[in-house]
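Chemist: Okay, sequence plus prediction incoming.
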Amino acid sequence: MVSECDVVVLGMGPGGEAAAGQLAEAGLDVVGVEAELLGGECPYWACVPSKMMVRAGNLLAEARRVPGMAGSARVEPDFPLVHARIRDEATADWDDAAAVERFTRQGGRFVRGRGRFTGQGRVEVESGSGRETFTARRGVLLATGSAPSAPPVSGLGQVPYWTNREAVSAAEAPASMLVLGGGAVGVELAQAYARFGTRVTLIEASERVVSAEEPEAGELLLRVFRDEGLTVRTNARAASARYADGTFTLTLEDGAELSAERLLVATGRRPRLDALDPEALGLEPGARRLEVDAHMRAAPGVWAVGDLVGEGAFTHAAIYQADVAVRAILAEAGLGEPGPGADYRALPHVTFTDPEIGSVGLTEKKARERGLTVRTGLAQVPAGSRGWIHKAGNEGLIKLVEDAERGVLVGATSAGPMGGEVLYGLTVAVRAAVPTTTLRDMMYAYPTFHRSVLEALKDLAAG
Ligand SMILES: Cc1cc2nc3c(=O)[nH]c(=O)nc-3n(C[C@H](O)[C@H](O)[C@H](O)COP(=O)(O)OP(=O)(O)OC[C@H]3O[C@@H](n4cnc5c(N)ncnc54)[C@H](O)[C@@H]3O)c2cc1C
Ligand SMILES: NC(=O)c1ccc[n+]([C@@H]2O[C@H](COP(=O)([O-])OP(=O)(O)OC[C@H]3O[C@@H](n4cnc5c(N)ncnc54)[C@H](O)[C@@H]3O)[C@@H](O)[C@H]2O)c1
């Protein structure tokens, strides 16, 4: 069967859902195709459930900070409560009926099935009821997201390891867990599980956890993790994996053997290109992502957003790109102006560990690699008034990266209690290129965590 429409959106994660809804509300006939759950990874297996686990773990950690500061507290973790909250409040037991209804109310047509983009505005969908082809008059928007990527470790493919999906939907916390990979997924889940009593060993190939962040932030997190009792092995790579009698064993390249009840593999994600016709999109063999222009156009009549395009695998990036693509599609349909293209100079992200690590723009290393004349400023959160008052759990730092020739910030890191919230002002500063002299010549409410920005600015000016 062949059906016509204005736009087909292939993949209804945060990027596809945001774009499809807006296009339908603008009056276009939109078909949204989704193989699994409308909403994608973020609400069901990623951002939302993982942050519920983090929130619960942080509550336990705060309660453990009571002695010596406020009295005494007995803390008894109960992991099934977190699972129940994820099941009932976050995911409706992994049911997307509410999201489907919302999209339908916006005027969209929802099709559950696995689609394939075959070029010339055509998407073929396989579903329980057979095969259906949709042809789009105005264009196709690709938003198939990303999938976990496991390293080539001997035996790993034969063992029942966890990805983020099993880790956020588990009903019980294991007694022990190996976490392979110390990026955002690894560190957030490692700390949350450890706070529920799981004995966690984190194995990271590079010299630091969160290695894409400023080294100071990675070192801070490593220190906090070790103080909390997590075992962290950096510069460590797994050589082989095996599983027997309920126990996973990783043999590292240096010969060390590590065992635990569970193994979480969190070694990155790769864009899902499998549903895209390579010829129609000019994809080279071995391509790792789908390239797009500033208006998210991958080819004439084809737009793409989200993890698929590899410009920061974050929900807010996918939604921002969806806005850009929607404007471009509507403009081509004679409905409005395309407006500005995507601008990643002030792409923020937050790793929701405790301390939270927020960062925006360039790290010092990246700024130097771009040939900028760099000045940096550093301040320690515990040395500030609010950090000192806060005491237990006050670890954190602010690092600023200035393009000294222009006198503006091109990057910043804000680690600490509410580090992600403190990041907001720094994101505005980077995006709007606020002169660092102006940032120094303004007031910062006393005693806030963000006052440490002023200390970092003084350090920067001292050169
Ligand atoms: C554990 C974890 C925690 C995270 N936490 C955060 C966070 O706190 N903040 C943040 O900003 N980001 C976070 N992320 C990243 C965030 O989840 C992703 O960046 C976001 O989901 C990307 O959205 P997307 O629309 O590009 O793709 P996805 O969410 O991957 O959705 C793509 C959709 O396309 C569907 N699909 C794929 N192929 C086909 C096909 N052939 N036919 C039909 N449908 C198809 C999939 O089923 C899926 O539903 C986290 C990720 C993980 C793994
Ligand atoms: N709070 C957030 O915004 C958030 C949270 C989780 C995930 N995410 C998104 O999801 C993406 C995927 O997260 P991720 O943590 O899986 O990937 P990642 O790329 O952030 O980190 C993967 C880590 O695994 C390490 N690694 C790779 N191969 C290894 C090996 N063989 N042995 C040991 N370590 C190895 C890498 O050095 C790296 O530190 C992130 O890049 C991010 O965009 C965002």
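Modeler: Looks like it came in fine. Ligands and ions are numbered 1, 2, ... in the order given.
Chemist: ok, which residues in the protein are in contact with ligand 2?
Modeler: Residues of the chain lying near ligand 2 by CB under 6 Å from any ligand atom: 151, 180-186, 188, 203-206, 211, 237-238, 266-269, 313-314, 349-352. For every residue, glycine as well, the C-beta is placed using N, CA and C.
Chemist: hang on, isn't Val381 packed against Lys391?
Modeler: No - contact between Val381 and Lys391 fails when scored by CB atoms under 8 Å: they sit 11.4 Å apart.
Chemist: Quick check: residues of the stretch 151-300 of the chain near ligand 1?
Modeler: Asn164, Val185, Arg272, Ala275.
Chemist: for the stretch 1-150 of the chain, same thing?
Modeler: Counting by CB under 6 Å from any ligand atom, the stretch 1-150 of the chain comes close to ligand 1 at 10-16, 33-36, 40-42, 46-47, 50-51, 114-115, 143-146.
Chemist: Quick check: closest non-adjacent residue to Gly416.
Modeler: Nearest residue to Gly416 in three dimensions, chain neighbours excluded: Gly396, at 2.1 Å (CB to CB, 6 or more residues apart in numbering).
Chemist: OK, contacts around that neighbour?
Modeler: Residues in contact with Gly396 (CB atoms under 8 Å, 6 or more residues apart in numbering) are 220, 355, 380-382, 387, 414-417, 419, 449, 452.
Chemist: Who wins on neighbours among those residues?
Modeler: The residue in the contacts of Gly396 with the most neighbours, by other CB atoms under 10 Å, is Ser414 (34 neighbours).
Chemist: now it, what's its secondary structure?
Modeler: strand (DSSP: H, G, I helix; E, B strand; the rest coil).
Chemist: Am I right that Gly411 is in contact with Glu369?
Modeler: No - using CB under 8 Å, Gly411 is not in contact with Glu369; the gap is 12.0 Å.
Chemist: Between those two, point out the one with more neighbours.
Modeler: Applying other CB under 10 Å to Gly411 and Glu369 shows that Gly411 carries more neighbours, namely 26 against 10.
Chemist: Got the confidence number for the more buried one?
Modeler: What the model reports for Gly411 is a pLDDT of 98.
Chemist: quick check, it in a strand?
Modeler: Yes - counting by three-state DSSP, Gly411 is part of a strand.
Chemist: tell me which residues form a beta bridge with it?
Modeler: Note on Gly411: beta-bridge partners by DSSP bridges are Gly361, Val401.
Chemist: which residues touch it?
Modeler: Residues in contact with Gly411 (CB under 8 Å, 6+ apart) are Ser359, Val360, Gly361, Leu362, Thr363, Glu364, Lys366, Ala367, Leu400, Val401, Val430.
Chemist: Can you give me the distance of it to Pro148?
Modeler: 28 Å (CB to CB, to the nearest Å).
Chemist: one step back: what about the residues of the stretch 1-150 of the chain next to ligand 1, which are in helices?
Modeler: Among those, the members found in helices (DSSP state H) are Pro14, Gly15, Gly16, Glu41, Cys42, Cys47, Ser50, Lys51.
Chemist: Who wins on neighbours among those?
Modeler: The most crowded member of these, judged by other CB under 10 Å, is Gly15 (32 neighbours).
Chemist: I'd say it and Gln321 touch.
Modeler: Yes - between Gly15 and Gln321 there is a contact at 6.2 Å, judged by CB under 8 Å.
Chemist: list residues touching both of these two?
Modeler: Taking CB under 8 Å, 6+ apart as the criterion, Gly15 and Gln321 both touch Val305, Gly306.
Chemist: tell me the SS of the nearest residue to His295 once chain neighbours are set aside?
Modeler: Using CB to CB, 6+ apart and skipping the chain neighbours, the partner closest in space to His295 is Ala328 (4.1 Å). In three-state terms, and counting by three-state DSSP, Ala328 is helix.
Chemist: Next, the contact list for Ala328, please.
Modeler: With CB under 8 Å, 6+ apart, Ala328 has these contacts: His295, Met296, Arg297, Trp303, Pro338.
Chemist: Please tell me how far it sits from ligand 1.
Modeler: 17 Å (CB to the nearest ligand atom, to the nearest Å).
Chemist: Report the mean per-residue pLDDT for the helix or strand hosting Ala61.
Modeler: Assessed by DSSP states H and E, Ala61 sits inside helix 47-64. Averaged over helix 47-64, pLDDT sits at 98.
Chemist: and it, which residues are buried?
Modeler: Buried positions in helix 47-64, judged by neighbour count with 16 or more other CB atoms under 10 Å: 47-54, 56-58, 60-61.
Chemist: next one: stretch 311-328
Modeler: Neighbour-count burial for stretch 311-328 [16+ other CB under 10 Å]: 311-315, 317-328.
Chemist: Also stretch 175-189?
Modeler: In terms of neighbour count (16+ other CB under 10 Å), stretch 175-189 has its buried residues at 176-189.
Chemist: again with stretch 251-267
Modeler: By 16+ other CB under 10 Å, the buried positions in stretch 251-267 come out as Thr251, Leu258, Ala260, Arg262, Leu263, Leu264, Val265, Ala266, Thr267.
Chemist: Run the chain-centre distance for it.
Modeler: The chain centre lies 24 Å from the centre of stretch 251-267; the measure is CA atoms, centre = their mean, to the nearest Å.
Chemist: And stretch 118-125, by the same measure?
Modeler: With CA atoms, centre = their mean, you get 29 Å for stretch 118-125.
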